[in-house]
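Asker: Give the three-dimensional model of this entry:
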Amino acid sequence: MSEYFDRMASTWDQDPMKIERSELTAEYCKRASLKDTGHLLDFGGGTGLLSVCLRDVFDRITIVDTSSEMLRVAQEKIKEAQIPNISTQRIEQDLSEVVGSYSAIIALMTLHHIPDLDLFLNSAAKVLGSNGSLMIADLYKEDGSFHHNDRDFTGHNGFEVEALSAKLNRAGFKVVQVTDYYQIRRKIKSGEERTFPLFFLVAEKL
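Answerer: Numbers count the residues shown, from 1 in each chain. The predicted structure follows:
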């Protein structure tokens, strides 16, 4: 999967939809009434579109991603804009590789790419501090049309929020907010354009 994102990295920030989505996600993060805004982990944060929008909200931000090219673009952006409180970290596969303690985690359109949800959620609980929050912005359950043109996709076709909330509860979280917040329009296999709704979920570590 990282190879796909490596190929897309140089043009990622040229998509107005991705910019709009990141800006709106940042607004929802700001409204989330987080208990601790010390250190944000932007998991799957890619080129840093979202992190840059949140640079004045958190004391520190770490962008974590499996794509070295996405992170290279992020690093160039951070350097050019002289943003001292954002750093990057590359991982091979999943959140279990991340060490340290964080105040909050945001995963924007990342969770549906992660095969082992339980591993991710349990790892999130481990790296979050006592007042930590996990924010997830992702697709509602769909029929597979969203990734119809990606033969290498092995993730999830969106999520049923009730089932995801149950997994979060088992991992030691309490879901405090679920909101419809964005829609992605894209062509599906038939050639018609379809709307795919996204949810914004906030869960607090118990």
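
Asker: From now on I want contacts and neighbour counts done on CA atoms only, so please keep to that.
Answerer: Fine.

Asker: ok, which stretches of this structure are strands?
Answerer: Ranges of strands in the chain, per DSSP state E, are 39-43, 60-65, 86-90, 102-108, 128-139, 173-187, 193-205.

Asker: and of those strands, who's closest to residue 73?
Answerer: strand 86-90 (10.6 Å; C-alpha to C-alpha).

Asker: where in this protein is pLDDT low?
Answerer: Residues of the chain meeting the criterion pLDDT under 70: 1.

Asker: Report how many residues lie close to the nearest residue to residue 183 once chain neighbours are set aside.
Answerer: Leaving aside its sequence neighbours, residue 183 sits nearest to residue 197 (C-alpha to C-alpha, 6 or more residues apart in numbering; 4.3 Å). For residue 197, the neighbour count with other C-alpha atoms under 10 Å is 17.

Asker: Residue 111 too?
Answerer: 22.

Asker: Now do the contacts for the nearest residue to it once chain neighbours are set aside.
Answerer: Computed as C-alpha to C-alpha, 6+ apart, the closest residue to residue 111 that is not its neighbour in sequence is residue 138, at 6.9 Å. Applying C-alpha atoms under 8 Å, 6 or more residues apart in numbering, one finds that residue 138 lies in contact with 108-112, 158-159, 198-200.

Asker: Let's see that with 6 Å instead.
Answerer: 109, 198-199 (C-alpha atoms under 6 Å, 6 or more residues apart in numbering).

Asker: Bridged to it, which residues?
Answerer: residue 199 (DSSP bridges).

Asker: related to what we said a few turns ago, can I get the contacts of residue 138 in TSV with neighbour count and distance to residue 100?
Answerer: TSV is the format used below for the contacts of residue 138 (neighbours: other C-alpha atoms under 10 Å; distance: C-alpha to C-alpha, whole Å):
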residue	neighbour count	distance to residue 100
109	18	23
198	22	30
199	19	28
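
Asker: can you put those residues in JSON lines and add distance to residue 4?
Answerer: What follows is those, written out as JSON lines (distance: C-alpha to C-alpha, whole Å):
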{"residue": "109", "distance to residue 4": "15"}
{"residue": "198", "distance to residue 4": "22"}
{"residue": "199", "distance to residue 4": "24"}
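
Asker: what separates the closest residue to residue 184 other than its chain neighbours from residue 24, distance-wise?
Answerer: Using C-alpha to C-alpha, 6+ apart and skipping residues adjacent in sequence, the residue nearest residue 184 is residue 196, 5.1 Å away. Taking C-alpha to C-alpha, to the nearest Å as the measure, residue 196 falls 16 Å from residue 24.

Asker: Quick check: the gap between the nearest residue to residue 32 once chain neighbours are set aside and residue 28.
Answerer: Excluding its sequence neighbours, the residue lying closest to residue 32 (C-alpha to C-alpha, 6+ apart) is residue 202, at 7.3 Å. Distance from residue 202 to residue 28, counting by C-alpha to C-alpha: 10 Å.
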